[in-house]
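> Please work out how this folds:
(one chain, ligands or ions: 2)
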Amino acid sequence: MGQTIIEKIVSAHANKQVKQNEIAIVNVDGVMATDTTAPLTIKAFQDMGGWKVWDAKKVFLIIDHAAPAPNEKIANLHTFMREFAKAQNIKLYDIGEGICHQLMVENHHVKPGQLFLGADSHTCTYGALGAFATGVGSTDLAGVMLTGQTWLKVPASFKITLNGKLQRGVSAKDLILYIVGQLGIEGATYKAIEFTGPAVELLSLDDRMTLSNMAIEMGAKACFVDTTGLELPYDFDHIYGDEDAAYEKEYLFNVSQINPEIATPHSPDNVRDIAEAINTPIQMAFIGSCTNGRLQDLHAAAEILKGKRIHPDVRLIIAPASQKVLLDALKDGTVEILTAAGASFISSGCGPCVGTHQGVPGNGENVISATNRNFQGRMGNRHSNVYLASPATVAASALNGKITDPTTLKEAFS
Ligand SMILES: CC(C)[C@H](C(=O)O)[C@@H](O)C(=O)O
Ligand code: SF4
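Ligands and ions are numbered 1, 2, ... in the order given. Modelled structure (predicted):
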């Protein structure tokens, strides 16, 4: 029996051949923790008697979830992280530098074929560049920081083959929303999802990150996007599964048939064709997060909002996924277009995605958001409703003050 890609990557890190569902002890290529999880990780590390991290070059800390600090308690946790990073001589990304996942990929801290762990559930995003990456708890990560190793059960794989070509105005976000809707939030619990097929080959790195990012919304342990067609600024080896590899389930979707999609409150798998939510009034719109805060996403919004003004009843908040994204968007005029349209730019980081600060909706308000989760209270108020959609749909809806199908805006997509 041949091996899946995931079995191959895990085998390479276990120094022996492993099969799905087997427990493997693996060497880890890198780890990261954020201001939500790092303080606990550091405390656990110290409680274990940790004195020096196993490899200072492979540990990254990021202050992104509540950044800049919204209150005294969080400010002190940030200080605690900075002091630890300095003492250990490890890299810390401070406020405004960006979202953890964006920074790990952008700065090449994670590469194809590697095994990377993060104390954040969306660590699965790095499957976009052909890594095995998964989220772990703070104390688990502390053990890895000490030893450079962990144990894991090798996940069985689902293969999702994507044929066809996305229609104009339909993005990787619509695609992944559609798939989450089909499989459900528990549809791939503890599985590795492998995306492959001609439609994947056409996707940019930004698109692939959007796709892999939401694998966790189906419960997946990890995700792997076929690296065919992937362009990176360095050479890398492609890893392919064996012909006779065992997949637990296989799915086939034709992406040409997918329309703009929307996840209605309060679950990411409440996915509908946008036609079913059209004209729902909205008061807040958000573009950002590790799902959709990249340059391509800001471009999609600018394409729709250029020379226009958002609806007077709507506030549009934008958090670029990193300072690099912000600088690129400044240089090419995107920030100017969006600001002139009425958008409010906030510091690069998680922003309102996780409800900490910088844009909490009011009671009874409807939010359209280019993020990945819309559980009740996700954005900081249990009495608000969050709809998940693509950046183009968010921009089109901000323009009209109600949920709008971006493909119906003739000027933007003619
Ligand atoms: C707060 C943090 C632990 C969390 C995660 O792990 O995913 C956050 O990033 C999220 O998106 O919900
Ligand atoms: S942007 Fe949102 S989903 Fe991504 S890591 Fe931050 S809080 Fe989590």
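
> What is the subsequent helix or strand relative to the longest helix anywhere in the chain?
The longest helix of the chain (DSSP state H) is helix 72-88. Next along the chain after helix 72-88, taking DSSP states H and E as the criterion, comes strand 91-93.

> So is that next one next to ligand 2?
No - using Cβ under 6 Å from any ligand atom, strand 91-93 never reaches ligand 2; the gap is at least 12.7 Å. The C-beta positions use only the backbone N, C-alpha and C, and glycine is treated the same way.

> Please point out which parts of the longest helix of the chain sit buried.
By neighbour count on 16 or more other Cβ atoms under 10 Å, the buried set for helix 72-88 is 74, 77-78, 81, 84-85, 88.

> anything in that helix near ligand 1?
No - residues of helix 72-88 are not located near ligand 1 by Cβ under 6 Å from any ligand atom, the shortest gap being 12.4 Å.

> circling back to that earlier point, from the buried residues of helix 72-88, which single one is nearest G362?
Nearest to G362 among the buried residues of helix 72-88: I74, at 22.5 Å, using Cβ to Cβ.

> Who are the contact partners of that closest one?
35, 66 (Cβ atoms under 8 Å, 6 or more residues apart in numbering).

> What backbone torsions are found at K331?
Main-chain torsions, K331, degrees, to the nearest 10: phi -60, psi -40.

> I meant A128, not that one.
According to degrees, to the nearest 10, A128 has phi -60, psi -30.

> Count the residues that sit near it.
Residues near A128, counting by other Cβ atoms under 10 Å, number 31.

> Which pLDDT does the model give it?
With respect to pLDDT, A128 scores 98.

> and if you look at L230?
Looking at L230, the pLDDT reads 97.

> shouldn't it be in contact with K111?
No - using Cβ atoms under 8 Å, L230 makes no contact with K111, being 11.6 Å away.

> what sits in contact with each of the two?
L129.

> Looking at the buried residues of helix 72-88, which is nearest ligand 2?
Each of the buried residues of helix 72-88 was checked against ligand 2 using Cβ to the nearest ligand atom; the closest is I74, at 14.0 Å.

> could you pull out the helices for this structure?
5-14, 38-47, 72-88, 100-106, 138-147, 172-183, 198-201, 205-213, 289-292, 295-305, 323-331, 334-340, 391-400, 410-413.

> Around ligand 2, pick out the residues from the stretch 201-350 of the chain.
So the stretch 201-350 of the chain meets ligand 2 at 289-290, 350 (Cβ under 6 Å from any ligand atom).

> Filter these down to just the buried residues.
Buried among these by 16+ other Cβ under 10 Å: 289-290, 350.

> Show the contacting residues for the residue in the stretch 301-414 of the chain that ligand 1 sits nearest to.
Proximity of the stretch 301-414 of the chain to ligand 1 (Cβ to the nearest ligand atom) peaks at V354, 5.1 Å away. Going by Cβ under 8 Å, 6+ apart, V354 touches 36, 65, 378-379.

> Just the buried residues of the residues you listed.
36, 65, 378-379.

> As CSV, those residues with pLDDT and distance to D55 would be great.
Formatted as CSV, the buried ones among the contacts of V354 follow (pLDDT from 0 to 100; distance: Cβ to Cβ, whole Å):
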residue, pLDDT, distance to D55
T36, 98, 23
H65, 98, 25
R378, 97, 35
M379, 97, 37
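
> same for ligand 2: which of those are within range?
H65.

> JSON lines for the buried ones among the contacts of V354, including distance to ligand 1?
Formatted as JSON lines, the buried ones among the contacts of V354 follow (distance: Cβ to the nearest ligand atom, whole Å):
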{"residue": "T36", "distance to ligand 1": "4"}
{"residue": "H65", "distance to ligand 1": "6"}
{"residue": "R378", "distance to ligand 1": "8"}
{"residue": "M379", "distance to ligand 1": "11"}
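
> Determine how far the longest helix of the chain lies from the middle of the whole chain.
Centre-to-centre, helix 72-88 and its host chain are 25 Å apart (Cα atoms, centre = their mean, to the nearest Å).

> Also stretch 74-93?
24 Å.

> and the stretch 51-200 of the chain, which residues reach ligand 2?
65, 99-100, 120, 122.

> Among these, which one lies nearest to ligand 1?
Nearest to ligand 1 among those: D120, at 4.1 Å, using Cβ to the nearest ligand atom.

> quick one: contacts for the closest one?
Going by Cβ under 8 Å, 6+ apart, the list of residues near D120 reads 32-34, 36-37, 100-101, 135.

> Highest neighbour count among those?
Ranking the contacts of D120 using other Cβ under 10 Å puts C100 first, with 33 neighbours.

> Excluding chain neighbours, what is closest to that residue?
Spatially, and ignoring its direct neighbours in sequence, C100 is nearest to I62 (4.1 Å; Cβ to Cβ, 6 or more residues apart in numbering).

> quick one, what contacts the one you found?
By Cβ under 8 Å, 6+ apart, I62 lies in contact with 32-35, 38, 92-93, 97-100, 103.

> Tell me the spacing between it and ligand 1.
Look at I62 and ligand 1: by Cβ to the nearest ligand atom, to the nearest Å, they are 11 Å apart.

> Show me what that residue bridges to in the sheet.
T34, Y93 (DSSP bridges).
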